[in-house]
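1. A predicted structure for the sequence below; I have some questions about it.
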Amino acid sequence: MKKGWKRTNENYLTGVGIMMNDYDEYQKMMRYKCGYYSFMLLLVLLMFDFILNDFLSYQWAETQGLETLFIMGLILLIFNGFTIYHNAYFSRKENAKWYLLLDILTGIIYTTMFFPIPTSNPKNLLINGELTYSSFFILIGLTFFIRPVVYIIRKGLEKLKDK
């Protein structure tokens, strides 16, 4: 255990371990709240997908595994957006600007690396009415792009409130 880190029974009982010590009480509460709603939405979407696949025999992506990945990617996008908007994504000690710059670069890589020219060939995203693995990378790219966008919107709203 690193010097200065404190392990308490409370942290282990709540399942947060050492990571959450850098967040203040408001941030912890918002992360729990967003995590709870994200998990509930995940369950609802997975049940809906199960009903579509098993009872209606409708598949909206190439494979059922890809459908699950899309649902999880969507939940991740929503969780990231809400926690950044409510100032609960980054701890008080983290420099958010460096992370957001890295997010922009990673988003560019995900949205362009797997397509030579993404705008010229949209047929790769949807084949026979089903989403493809290529479209999943755009969702992941959007997940990385949403972080800086929401952060800039939140900072802009904070400046408007201060005036």
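-> Nice, I can see it.
2. can you tell me the SS state at Phe144?
-> helix (DSSP: H, G, I helix; E, B strand; the rest coil).
3. ok, the residue nearest to it when sequence neighbours are not counted to Thr68 distance?
-> Spatially, and ignoring its direct neighbours in sequence, Phe144 is nearest to Gly107 (3.5 Å; Cβ to Cβ, 6 or more residues apart in numbering). For glycine as for every other residue, the C-beta is placed from the backbone atoms N, C-alpha and C. Separation of Gly107 from Thr68 (Cβ to Cβ, to the nearest Å) stands at 22 Å.
4. so which of those two has more stuff around it?
-> In this view Gly107 and Thr68 are compared by other Cβ atoms under 10 Å, and Gly107 has more residues nearby, 21 against 15.
5. for the more buried one, which residues are in contact?
-> Residues in contact with Gly107 (Cβ atoms under 8 Å, 6 or more residues apart in numbering) are Gly141, Leu142, Thr143, Phe144, Phe145.
6. now these in CSV, with distance to Met30 and neighbour count?
-> Output for the contacts of Gly107, formatted as CSV (distance: Cβ to Cβ, whole Å; neighbours: other Cβ atoms under 10 Å):
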residue, distance to Met30, neighbour count
Gly141, 26, 20
Leu142, 22, 16
Thr143, 19, 22
Phe144, 21, 21
Phe145, 22, 18
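7. specify which member of those is nearest to Leu41.
-> Nearest to Leu41, judged by Cβ to Cβ, of these is Thr143 at 15.1 Å.
8. where does pLDDT dip in the protein?
-> 1-20, 113-124, 126 (pLDDT under 70).
9. cutoff 50 now
-> For the chain, the stretches flagged by pLDDT under 50 are 11-13, 16, 18, 118-120.
10. what segments of the chain are strands?
-> 126-127, 130-131 (DSSP state E).
11. list the contacts for Trp60?
-> By Cβ under 8 Å, 6+ apart, the neighbours of Trp60 are Leu52, Glu67, Gly129, Glu130, Leu131.
12. filter the residues you listed to the buried ones?
-> For the contacts of Trp60, a burial check counting by 16 or more other Cβ atoms under 10 Å picks out Glu67, Leu131.
13. what's the burial count for the nearest residue to Met30 once chain neighbours are set aside?
-> Among residues not flanking Met30 along the chain, Ala88 sits closest, at 3.7 Å (Cβ to Cβ, 6+ apart). Around Ala88 there are 21 other residues, counting by other Cβ under 10 Å.
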